[in-house]
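Colleague: Build me a structure from this.
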Amino acid sequence: MEMEELQATWTQMSEELDKQKRLTDKIILEMTQQKYKNKFHGITFYETIGAIICFAIALYLIFNFHRLDTWYLMLCGSITLVFILILPILTLRFLKKIKDVDISESNYKETLFQYTKAKNRLLFIQQFAFYASFAVMFTTLPVASKLLSNKDFFLMEKGLGLYAFIGVVLVFLFFFARWGYGCYKGVTSSAEDILRELE
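Modeller: Residues are numbered from 1 along each chain as shown. This is a model prediction of the structure:
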């Protein structure tokens, strides 16, 4: 009788330990998931604000597009419009995809594969934005000149001050874009470290 009671007690304790282990694993996964998502909170916040600003500028440009009265100003306006509408949407979409990688749904290998795919897309769009921002600056200048001062940038007299201003803006844009890309690399690397802790 004692042996049977001992076996029953042992079986019950074993089941309770298994339940506790499963519960602990679940809690660890939930905490890791939250920690992982929090890594992208700051960048998502700033990208959302940037997207709102881009959409406001796009609306202003759309409502004043008729003021771009030459084919080359219309072309510059169209390129600028496409850039400030599509890039924020793509960035926010890829940020959402990387944030939504679900740790608890897949095994470690699948999770890492999903993460790597999402990370590569996000970093690619940031690299594209880095280089495209220089080209778009040269389409934005004529549009801004026409809409803000009603002067055709291509026909107006350009002094040394304007060239100095463009040079300063290019240097600022280079360092700002490089800093932004570095932030993305840092955040994605830090998130990857969190995932690798699960191995």
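Colleague: show me what contacts Pro32?
Modeller: Rather than Pro, residue 32 is Thr. By Cβ atoms under 8 Å, 6 or more residues apart in numbering, the contact set of Thr32 is Ile103, Ile194, Glu197, Leu198. Quick note: C-beta positions are derived from backbone N, CA and C, even for glycine.
Colleague: Give me the buried stretch members for the lowest-mean-pLDDT helix or strand in the chain, please.
Modeller: Least confident helix or strand, the chain: helix 2-38 with a mean of 77, by mean pLDDT, DSSP states H and E. Using 16 or more other Cβ atoms under 10 Å as the test for burial, helix 2-38 gives Thr32, Gln33, Tyr36, Lys37.
Colleague: Which parts of this structure are helices?
Modeller: Assigned by DSSP state H, the chain shows helices spanning 2-38, 41-63, 71-99, 108-149, 160-196.
Colleague: Ranked by average pLDDT, which of the ones you listed falls at the bottom?
Modeller: Mean pLDDT is lowest for helix 2-38 among these, at a mean of 77.
Colleague: picking up where we left off before, out of the contacts of Thr32, which is most surrounded?
Modeller: Ranked by the number of neighbours (other Cβ atoms under 10 Å), the contacts of Thr32 place Ile103 first, at 21 neighbours.
Colleague: ok, that one touching Thr111?
Modeller: Yes - counting by Cβ atoms under 8 Å, Ile103 touches Thr111, with 5.6 Å between them.
Colleague: Okay, buried residues for stretch 183-199 please.
Modeller: Neighbour-count burial for stretch 183-199 [16+ other Cβ under 10 Å]: Tyr184, Val187, Thr188, Ala191, Glu192, Ile194, Leu195.
Colleague: show me what contacts the last one?
Modeller: Contact analysis of Leu195 by Cβ under 8 Å, 6+ apart lists Tyr36, Ile103, Tyr108, Thr111, Leu112, Tyr115.
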